[in-house]
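# Build me a model from this:
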Amino acid sequence: MSKIIAVTSGKGGTGKSTVCAGLGYTLAKQGHRTLIIELDFGLRCLDIMFGMENSIQYDLGDVLSGKKQALDAVSQVPMASNLSLLCAPKTLTTVNAEKIYDICRSVKKYFEYIIIDTGAGINSHVFEIVEQANLILVISTPDQVCIRDASLMSDEFYNRGNKSQRLIINKVSKKVIGNSLVTNLDEIIDKVGVQLIGVIPDDFKMTVATGKGNPIPTDSEALRAFDAISKRLDGDFVPLTVKIS
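Residues are numbered from 1 along each chain as shown. Below you'll find the predicted structure:
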């Protein structure tokens, strides 16, 4: 039985898709058959991050229109043999939560993890899509606007009965912790009100790799953090790679 993980954020710019790419990549490298379903309709980017921009034949739009079955529209990611991607269409498409979960149900026997890269923002279709997920990963950065939006989203998830939530704090650097934006990471955790599962450092090596569609370098600090989070998702106790104090 595959585990469905919905990755979401209150606003754009938190690095939600990068988190999906990092988690998908490390889960696959750990031997787990993993599928990422991208829902940023009209704004897809994971094909570029994985160096597949010119090799995507079919996407989620073809599945939603009935042109292709879900498994036929899935593309293998060359840099990670256990990782597959179902890209968002390049054009805007109406989102239907039930159709998304029909797709998940049709492919779940082929994958151990299905990561859903939801669209950013507080709107009804995001809440409907995550309702059937086994786990919701709420992404925030140390920016106060992101923190507030993450808190609002999390509160709404709890109000709708979605208790299984974890927080990932992304784009963390010494420049913003203890100086200009927040006193420490505990302040973010308290304001969002969700248990922390990982902290991702602001890492230029990761930015260059995903921007060029190259594998993440093994000496990347962000890769170490994603690897630790992936192991925690799999039930292993792994210490945070970035300290919170």
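# CA only for contacts and neighbour counts going forward, please
Fine.
# shaky segments in this protein?
For the chain, the stretches with pLDDT under 70 are 1, 42, 92-93, 120-125, 176, 178-181, 241-245.
# So in it, which helix runs the longest?
As assigned by DSSP state H, the longest helix anywhere in the chain is helix 144-159.
# what lines up beside the helix or strand just after that one in the sheet?
Downstream of helix 144-159, the next assigned helix or strand under DSSP states H and E is strand 165-172. Partners of strand 165-172 in the sheet, by DSSP bridges, are strand 135-140 (parallel), strand 196-201 (parallel).
# Distance from the chain centre to the first one, please.
Right, strand 135-140. Offset of strand 135-140 from its chain centre (Cα atoms, centre = their mean, to the nearest Å): 8 Å.
# which other residues reach it?
Strand 135-140 is contacted by residues 4-10, 14-16, 130, 146-147, 150, 154, 164-170 when judged by Cα atoms under 8 Å, 6 or more residues apart in numbering.
# So for that strand, could I get the coordinates as PDB, restricted to C-alpha?
Output of strand 135-140 as PDB, limited to C-alpha atoms (Å, rounded to 0.1, in the frame of the first residue of the first chain):
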ATOM      1  CA  LEU A 135       0.500  12.900   5.600                       C
ATOM      2  CA  ILE A 136       0.500  16.600   5.000                       C
ATOM      3  CA  LEU A 137       3.900  18.400   4.800                       C
ATOM      4  CA  VAL A 138       3.400  22.100   5.400                       C
ATOM      5  CA  ILE A 139       6.300  24.200   4.000                       C
ATOM      6  CA  SER A 140       7.300  27.500   5.400                       C
END
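# in the longest helix of the chain, what counts as buried?
C146, I147, R148, D149, A150, S151, L152, M153, S154, D155, F157 (16 or more other Cα atoms under 10 Å).
# Can you pull up the most central residue in the protein?
For the chain, the residue nearest the mean C-alpha position is C20 (3.0 Å; Cα atoms, centre = their mean).
# how much space between that one and D190?
According to Cα to Cα, to the nearest Å, C20 stands 24 Å off from D190.
# quick one, what contacts F111?
F111 neighbours (Cα under 8 Å, 6+ apart): S2, H32, R33, T34, L35.
# between those, which has the most around it?
L35 (31 neighbours; other Cα atoms under 10 Å).
# Past the helix or strand hosting that residue, which element shows up next along the chain?
Using DSSP H and E, L35 falls within strand 34-38. Counting by DSSP H and E, the next helix or strand C-terminal to strand 34-38 is helix 46-49.
# Go ahead and name everything in contact with that following helix.
S17, A21, E38, E53, I56, C87, A209, T210, G211, K212, G213, N214.
# wouldn't the third one be in contact with L86 here?
Yes: the pair formed by E38 and L86 meets the contact definition of Cα atoms under 8 Å, at 6.2 Å.
# which neighbours do those two share?
L60.
# And the closest residue to L196 other than its chain neighbours, how close does it get to F204?
Spatial nearest neighbour of L196, chain neighbours left out: L167 (4.6 Å); criterion: Cα to Cα, 6 or more residues apart in numbering. Using Cα to Cα, L167 is found at 22 Å from F204.
# can you check L185 too?
Applying Cα to Cα, the value for L185 to F204 is 21 Å.
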